[in-house]
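J.: Have a look at this fold, sequence not included:
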């Protein structure tokens, strides 16, 4: 599947900057909100951008590696949390409701057969990935299918009017996937990429690191033989939810939507997407810096300026949903604030 | 005027912590939101806190020092911005509207006679303070009157059902006041307390520092003779808006409201209030770390953990209004999220 994400057209930059600078406030005094107003104006190619039907997509999938001792929670929690999302009891459900954002759960491959539900999309790629301790998580064909399905889901939301997306996820074991992807794609040792996930103790962290290190070693020949091709790396170490997120992100940027990136897993998916289409980064807002070790390093690798730093490490898209009002504020000040001229406010003088 | 702010009663702490820890999320994974949920539960003495009728109070006042070369904007901008607040064109107007917060502007002493307006309170202490380069900004009597009026305004909001306040301000020249208050109350040299305000250049910053240093020297004998009494310091260097904010904050905490502290000026007022009633700090949420030099030092002095760090330096209460959805999210997750038991989600196991 091919995507074509052009760099942002900068033609409107001077006009947007002028509009921002004439608002009734000291120059630059809205800090990162001003950067976002400019960015969103450039993404939408307008001086009056709008955020329409903000959509939270939570991709859920199970991992063969989950039962190998990399998480303190059993694999069954993935399905239980999907039901919790749909019933409104999860953190992301509460924050979506607070901010009037729609929440869609994508069953990318959870080891459970759900009843149909209006907020659940059945897009199963399987019941769980293979454990990449033994063999690749999935075939290249399944990986390509997942990318396609993720893109299609985003396309249908765009067709309904959405122009801003939150990419969240759920999958017991998926910090292990993300750590391996990060290690290979950012060229960092696995020790710098592994964290405590949902709450490993020191012993658990050491075990996880050892297991992932062995897995990277096991597949290294195949990865290198394929010239570190991102799709090969993704198929080998990815999760179904991560793969579908990659496709979803690529399509969202291709269609000039605003992408709200969440935490460790969401950023790992973005790093894969950015290897394929580097300009995708210009469409991204980085919602927060997670407490998961490794996420700060990812953000540094991407030269990203996260909006929040609240010690969050929950995933589900929660950091991005919490940051959404700030993005709305950036658009609102650009559209609604008076200018010095319109409000008859004196401008700065030279003393 | 006497205030009586007791330390937070910790009796509910164990129950609140247990409620937070049983929510369907890894332990501690909502970071600072969990701290706020606990704090607000303790302030309101309930396991199910509510935020009612959030109120933004913007105190505006003019400063005798404004025309001495400490700000690149003329004094007239204070009144012009008050009109802009009321007409909905200022940043705080836009953010208040976005977050469904009421906005009340308190004319604490602006050098302009405003027409009556439903969102404007006339509480003038004068048309501008004296320039503290020459003499004390106001008398102790005026200072006491301002504290009383600030408290009364908060009381009337509380009587209407408000239990959470944003304290914002407007006043050309008021970073000079705040810098002097900070220097004396935090015992820091004026160089560590002075910043660029609305946008001074290097030369302007050097001039401002020199002027404030001379003012501190000029009044040092009187301040020391009064044993560094906070009210003496406040009357000498304060602004009318700062004085009224101090009274407003003290009453809000006394009545067990949540206090949302904004930037440099708002925090300076809080430091004065905390010298009088140290327990006030337990009722405060620090909304952001401002780009104004000195604010980070204030936060460090108070051992405060700000929610946002977005390079804002606008005042008006904008940082606090932008942070408000995060505080709402803290209360909402506590009230609305399912527990592991209620959602039938498996808990963490020992591996």
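T.: That came through fine. Note that the structure is a prediction, hence the values are computed from the model and not measured. Numbering: from 1, shown residues only, chains lettered A, B, ... in the order given.

J.: which other residues reach the lowest-mean-pLDDT helix or strand in chain A?
T.: Counting by mean pLDDT, DSSP states H and E, chain A has its least confident helix or strand at helix A:202-225, which shows a mean of 95. Residues from elsewhere that reach helix A:202-225 (CB atoms under 8 Å, 6 or more residues apart in numbering or on different chains): A:65, A:68-70, A:72, A:132-133, A:136, A:176, A:179-180, A:183-184, A:190-191, A:194-197, A:200, A:232-233, A:236-237, B:351. Every C-beta, even on glycine, is put in place using the N, C-alpha and C of the backbone.

J.: buried sites along that helix?
T.: A:204, A:205, A:207, A:208, A:209, A:211, A:212, A:213, A:215, A:216, A:219, A:223 (16 or more other CB atoms under 10 Å in any protein chain shown).

J.: Over to stretch A:302-321?
T.: For stretch A:302-321, a neighbour-count test (16+ other CB under 10 Å) marks A:302, A:304, A:306-321 as buried.

J.: gap between that stretch and the chain center?
T.: 9 Å (CA atoms, centre = their mean, to the nearest Å).

J.: Can you get me the start-to-end distance on it?
T.: 21 Å (CA to CA, to the nearest Å).

J.: Please apply the same query to stretch A:291-311.
T.: From its first residue to its last, stretch A:291-311 covers 5 Å (CA to CA).

J.: Give me the mean pLDDT for that stretch.
T.: Stretch A:291-311 carries an average pLDDT of 95.

J.: ditto for stretch A:243-257
T.: 98.

J.: immediately after the least confident helix or strand of chain A, which helix or strand?
T.: Using DSSP states H and E, the next helix or strand after helix A:202-225 towards the C-terminus is helix A:230-237.

J.: Please find the angle between the direction vectors of that next one and helix A:202-225.
T.: 140 degrees (axes from the mean of the first three to the mean of the last three CA atoms, to 10 degrees).

J.: mind putting the buried residues of helix A:202-225 in a markdown table, distance to residue A:338 included?
T.: What follows is these, written out as a markdown table (distance: CB to CB, whole Å):
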| residue | distance to residue A:338 |
| --- | --- |
| A:204 | 55 |
| A:205 | 53 |
| A:207 | 59 |
| A:208 | 54 |
| A:209 | 55 |
| A:211 | 59 |
| A:212 | 54 |
| A:213 | 58 |
| A:215 | 58 |
| A:216 | 56 |
| A:219 | 59 |
| A:223 | 56 |
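
J.: and of the residues you listed, the nearest to chain B?
T.: Minimum distance to chain B across the buried residues of helix A:202-225 is 5.9 Å, recorded for residue A:204 (CB to the nearest CB).

J.: Check what pLDDT residue A:350 gets.
T.: 52.

J.: Now go through the buried residues of stretch A:302-321 and say which are in helices.
T.: Residues of the buried residues of stretch A:302-321 located in helices (DSSP state H): A:318, A:319, A:320, A:321.

J.: correct me, but the second one touches residue A:311?
T.: No: using CB atoms under 8 Å, residue A:319 and residue A:311 do not qualify as a contacting pair, with a distance of 10.4 Å.

J.: any common contacting residues for those two?
T.: Common neighbours of residue A:319 and residue A:311 (CB under 8 Å, 6+ apart) do not exist.

J.: all strands for the stretch 51-200 of chain A, in order.
T.: A:55-61, A:102-109, A:120-122, A:164-170 (DSSP state E, counting those that start in this stretch).

J.: Same list (the ones you listed) but as TSV, adding mean neighbour count and distance to residue A:259.
T.: Listed next are these as TSV, based on neighbours: other CB atoms under 10 Å in any protein chain shown; distance: least, CB to CB, whole Å:
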stretch	mean neighbour count	distance to residue A:259
strand A:55-61	30	11
strand A:102-109	25	16
strand A:120-122	16	19
strand A:164-170	30	6
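
J.: Next one, pLDDT for residue A:199 please.
T.: Reported pLDDT for residue A:199: 87.

J.: what's it sitting at in phi/psi?
T.: Per-residue torsions, residue A:199: phi 140, psi 40 (degrees, to the nearest 10).

J.: What sits closest to it if chain neighbours are left out?
T.: residue B:26 (4.9 Å; CB to CB, 6 or more residues apart in numbering or on different chains).

J.: Can you name the residues of the stretch 1-150 of chain A that neighbour chain B?
T.: A:23-33, A:69, A:72-74, A:76-77, A:80-81, A:83-84, A:87-91, A:93-95, A:97-99 (CB under 8 Å from any CB of the partner chain).

J.: Repeat the analysis, applying 6 Å as the threshold.
T.: A:24-27, A:29, A:31-32, A:69, A:72-74, A:76-77, A:80, A:84, A:89-91, A:94-95, A:98 (CB under 6 Å from any CB of the partner chain).

J.: Mind checking which of these are buried?
T.: Applying 16+ other CB under 10 Å to those flags A:24-26, A:29, A:31-32, A:72-73, A:76-77, A:80, A:84, A:89-91, A:94-95, A:98 as buried.

J.: Of the residues you listed, which belong to helices?
T.: Those of these lying in helices (DSSP H): A:31, A:32, A:76, A:77, A:80, A:84, A:91, A:94, A:95, A:98.

J.: Taking the stretch 151-300 of chain A, what residue is nearest to chain B?
T.: residue A:198 (4.1 Å).

J.: who's in contact with that residue?
T.: A:71, A:73, B:26 (CB atoms under 6 Å, 6 or more residues apart in numbering or on different chains).

J.: What distance do you get for the residue nearest to residue A:199 to residue A:92?
T.: Distance, residue B:26 to residue A:92, using CB to CB, to the nearest Å: 14 Å.

J.: what do you get for residue A:167?
T.: Counting by CB to CB, the gap from residue A:167 to residue A:92 is 12 Å.

J.: do residue A:125 as well
T.: Taken as CB to CB, the span from residue A:125 to residue A:92 is 22 Å.

J.: What is the burial count for residue A:125?
T.: 21 (other CB atoms under 10 Å in any protein chain shown).

J.: Contact partners for it?
T.: Contacts of residue A:125 by CB under 6 Å, 6+ apart are A:109, A:142, A:146, A:240.

J.: hmm, 10 Å instead?
T.: A:61, A:107-109, A:138, A:142-143, A:145-146, A:149, A:239-241, A:243-244 (CB atoms under 10 Å, 6 or more residues apart in numbering or on different chains).

J.: Then residue A:61?
T.: Per CB under 10 Å, 6+ apart, neighbours of residue A:61: A:78, A:106-111, A:123-129, A:137, A:146, A:169-174, A:177, A:238-245.

J.: Which of those residues fall within helices?
T.: Using DSSP H, the contacts of residue A:61 in helices are A:78, A:146, A:174, A:177, A:240, A:241, A:242, A:243, A:244, A:245.

J.: farthest-separated two in these?
T.: A:78 and A:146 (16.3 Å; CB to CB).

J.: These two: which has the busier surroundings?
T.: Neighbours per residue, other CB under 10 Å: of residue A:78 and residue A:146, the larger number sits with residue A:146, 31 against 26.

J.: tell me, how many neighbours does the residue nearest to the more buried one when sequence neighbours are not counted end up with?
T.: Closest residue to residue A:146 apart from its sequence neighbours, by CB to CB, 6+ apart: residue A:243 at 3.6 Å. Residues near residue A:243, counting by other CB under 10 Å, number 33.

J.: now residue A:300
T.: Neighbours around residue A:300, by other CB under 10 Å: 11.

J.: isn't it right up against residue A:186?
T.: Yes: the pair residue A:300 / residue A:186 is scored as a contact, 9.5 Å apart, by CB atoms under 10 Å.

J.: Find residues that contact each of residue B:26 and residue A:92.
T.: A:314, A:315.

J.: for chain A, which spans come out with low pLDDT?
T.: Scanning chain A for pLDDT under 70 picks out A:349-351.

J.: please redo it, this time with the cut-off set to 50
T.: Counting by pLDDT under 50, chain A shows low-confidence ranges at A:351.

J.: so what's residue A:133 closest to, chain neighbours aside?
T.: residue A:215 (5.2 Å).

J.: how near is the one you found to residue B:57?
T.: Residue A:215 is 57 Å from residue B:57, by CB to CB.
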